[in-house]
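Visitor: Based on what follows, work out the 3D shape:
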Amino acid sequence: MKKIEGGVTAPKGFQAGGVFAGLKKEKKDMAMIYSQVPCQTAGVFTTNRVKAAPVLWDRQVVQSGLTSQAIVINSGVANACTGKLGMQYCEETAEEMEKVMGTAKESVLVCSTGVIGNQLPMDKIKYGISLLKDNLGSSRESAKMAAEAIMTTDTVSKEVAVEYTVGGKTVTMGGMCKGSGMIHPNMCTMLCFITTDCAISGEMLQKALSSDVVDTFNMISVDGDTSTNDTVLVMANGMAGSPEITEEGEDYQAFCEALHEVMVTLSKKIAGDGEGASALFEVKVLNAATKEQARTLAKSIVTSSLTKAAVFGHDANWGRIICAMGYSGADFDPDATDIYFESAGGTMKIVENGMATDYSEEEATRILSYPEVTAIADIKAGQETATAWGCDLTYDYVKINADYRS
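Guide: Residues are numbered from 1 along each chain as shown. Prediction:
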């Protein structure tokens, strides 16, 4: 497996595009991903009890077991808390796709992101679909346009692509996502779309996605808020000509490794672009007794507002880390815990067996001054590990969210 330049158009048979349809002020606000042939599709969705209409629509499409062929995405309006009319607008969007693109409405996935409570302006949505038909392409630029069109408070678009081998055939996987705020474990206000030309059954595709999201998108947090709209969709059209993956084995493992690489990369891009963030904050828990213990501790540290503020201030305030571990609900021995800080500037042990080492505050501050910072907690209880990703907490986070609707 190797990373290549590209996004959702990197696999064979996929096209994409992004346009300005008038939902936002002078920014691209609608995107489409389209496959030349129907795709096996898998999805995972928000755990928030309040689910946006497109989440309910897409879950219905995925659970039907039918193939899909296109995804239509708008930014600016979340279509959440919009009642029966919100679902009706999802159906109208799919019907417009059938009219304009010739795709059966049952094969159209619909996603939205933006302000909660507003109804979709369907005249602009339909106009955007007509624009997207003429804008679709398989080029690198087409993928970039789509990735830009789904952004809200994101400061950069987020894409990735990899090549890997299945059954002796070179296959490709590409992805794009958006997310910057309202980000918390069990996904977030993020949309993620992954395409591949690998042939894989719907059952195995869903199994791979559901298994991997636990250690990728469910391990990121920016602000502790779980969104109403978070969605991850994977489309596989089989156009690489590889043998279909229908069971576990070497080919399935290769697929899972590629999927994990794509999802980890996109997860870190979201965490590093958290609203107002100046640093990516990574947390590793080592030598836990169980995987769940490691995940719980890592997520508790990465979501701690006090710890995030300390990272922003380049302050090696390790007491906040062990405090967050203590209220996580996971059982561990604080008197056997070592804590390290790490960055491109080096590694420093600041706690050994629950007590501070004789470390240099100046050196610790230097290490914490880099744009990517890692906190490592070794709890010496077993062999399991987990990693979580977040960002520092800055003044700009409050500014962005105080003015979000205006």
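
Visitor: Quick one: the helices in the stretch 101-250 of the chain, in order.
Guide: 122-135, 140-149, 202-212, 250-272 (DSSP state H, counting those that start in this stretch).

Visitor: quick one: the strands in the stretch 51-200 of the chain?
Guide: Counting by DSSP state E, counting those that start in this stretch, the stretch 51-200 of the chain has strands at residues 68-77, 108-115, 158-166, 169-178, 191-196.

Visitor: Tell me which other helices or strands the second one touches.
Guide: In this case it means strand 108-115. Contact partners of strand 108-115 among helices and strands, from 3 or more C-beta pairs under 8 Å, 6 or more residues apart in numbering; DSSP states H and E: helix 53-63, strand 68-77, helix 83-101, strand 191-196, strand 231-236. From N, CA and C alone the C-beta is placed, and that goes for glycine too.

Visitor: ok now that strand, how far from the chain's centre?
Guide: Distance of strand 108-115 from its chain centroid, counting by C-alpha atoms, centre = their mean, to the nearest Å, is 15 Å.

Visitor: next one: the first one
Guide: If you compare the mean C-alpha spot of strand 68-77 with that of the full chain, they lie 16 Å apart, counting by C-alpha atoms, centre = their mean.

Visitor: Can you report how many residues lie near residue 402?
Guide: 9 (other C-beta atoms under 10 Å).

Visitor: And residue 92, by the same measure?
Guide: Counted with other C-beta under 10 Å, residue 92 comes out at 17.

Visitor: what separates it from residue 325, distance-wise?
Guide: Distance of residue 92 to residue 325, computed by C-beta to C-beta, to the nearest Å: 49 Å.

Visitor: swap in residue 264?
Guide: 23 Å.

Visitor: okay, these two: which has more neighbours?
Guide: residue 325 (22 against 18).

Visitor: Quick check: buried residues in the helix or strand hosting that one?
Guide: Using DSSP states H and E, the element containing residue 325 is helix 318-326. Buried positions in helix 318-326, judged by neighbour count with 16 or more other C-beta atoms under 10 Å: 318, 320, 321, 322, 323, 324, 325.

Visitor: The third one: what's it in contact with?
Guide: Think residue 321. Applying C-beta atoms under 8 Å, 6 or more residues apart in numbering to residue 321 gives the contacts 301, 304, 307, 339, 375, 377.

Visitor: What residues of whichever strand or helix holds the last one count as buried?
Guide: Under the criterion DSSP H and E, the helix or strand holding residue 377 is strand 372-378. Judged by neighbour count using 16+ other C-beta under 10 Å, the buried positions of strand 372-378 are 373, 374, 375, 376, 377, 378.
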